[in-house]
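K.L.:
A structural model of the following input is requested.
(one chain, ligands or ions: 1)
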Amino acid sequence: MNVAEAVATRRSIRAFKSDPVSLETLRRVLDRARMAPSGCNFQPWEATVLTGEPLAALQEKMRRAAPQDPLEYSFSEPEQSPRHLARLKDLGATMYGAMGIRRDDADARSDFSNANIVSFGAPALLLCHFERFMGPPQWSDVGMWLQTIMLLLREEGLDSCPQEWMSLYARLIKEHIGVSDETHILFCGIAIGYRDPDAAVNTFERPRVPLDEQVRFIGFD
Ligand SMILES: Cc1cc2nc3c(=O)[nH]c(=O)nc-3n(C[C@H](O)[C@H](O)[C@H](O)COP(=O)(O)O)c2cc1C
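P.N.:
Below you'll find the model as predicted:
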């Protein structure tokens, strides 16, 4: 698989098969991902990867708990901007539409959103955390590392779904995995496993802004 194929075939998978993911594969992917770039080579990222009983125990704790207040961080600021809010609504309409869930069926939407608790059935979950003093440039570095991981997973035939939803339970998660809440932010999870290729939620077309609305080219012939 070349890079373009890895980029083109990566998508956020929200229905996984139960097939386990081997430690050997995950170690290979994460070892290669160490070569992701970061400003000043700070390499701000850290992670904990769970599977099996420790993952099931965490999911059970989240199922019994409520989202934390205050939030670990806010991921909703762009909703103040009409064109970004429109993209969120577009995603919701396309995704729920593919599953046959109506716009006004709040219960069904909420049930599906709660499937985040079990990472949509993924057998492994990477939890990404880093020190609280990291600023916007380092958050960006962490994003590059995560995308590197997700592309390397494709090369192994594996799939993923990033989950900032996990930050709603950040304190609970950090306590479960033995990471200090005082010193560390819990950024997100990455659900890891093998996609169910037949699930409608894994096959809908994902809208994207046209290139010329995103990038300007200056000085070319
Ligand atoms: C940092 C980050 C966090 C995300 N968190 C969630 C999440 O909590 N739950 C979810 O279902 N999707 C989540 N997503 C997936 C996005 O909705 C998805 O990337 C976007 O709709 C584009 O679709 P694609 O990944 O299939 O290309 C997240 C994506 C990123 C990059």
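
K.L.:
okay, CA-based contacts and neighbour counts for the rest of this
P.N.:
Fine.

K.L.:
after the helix or strand of the chain with the lowest mean pLDDT, next one along is what?
P.N.:
Here the helix or strand of the chain ranked lowest by mean pLDDT, DSSP states H and E is helix 106-114, holding a mean of 90. Sequence order places strand 124-131 as the next helix or strand after helix 106-114, per DSSP states H and E.

K.L.:
output that next one as PDB, restricted to C-alpha atoms.
P.N.:
Taking Å, rounded to 0.1, in the frame of the first residue of the first chain, the C-alpha atoms of strand 124-131 are listed here in PDB:
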ATOM      1  CA  ALA A 124      -8.100  -2.100  21.200                       C
ATOM      2  CA  LEU A 125      -8.100   1.600  22.300                       C
ATOM      3  CA  LEU A 126      -5.100   3.900  22.300                       C
ATOM      4  CA  LEU A 127      -5.500   6.700  24.800                       C
ATOM      5  CA  CYS A 128      -3.500   9.800  23.900                       C
ATOM      6  CA  HIS A 129      -2.300  12.000  26.700                       C
ATOM      7  CA  PHE A 130       0.400  14.600  27.200                       C
ATOM      8  CA  GLU A 131       1.700  17.200  29.700                       C
END
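
K.L.:
tell me which residue lies nearest the centroid of the chain.
P.N.:
Central residue check for the chain by C-alpha atoms, centre = their mean: the C-alpha nearest the mean position is that of residue 162, 0.7 Å away.

K.L.:
which residues does it contact?
P.N.:
Residues near residue 162 by C-alpha atoms under 8 Å, 6 or more residues apart in numbering: 12, 188-191.
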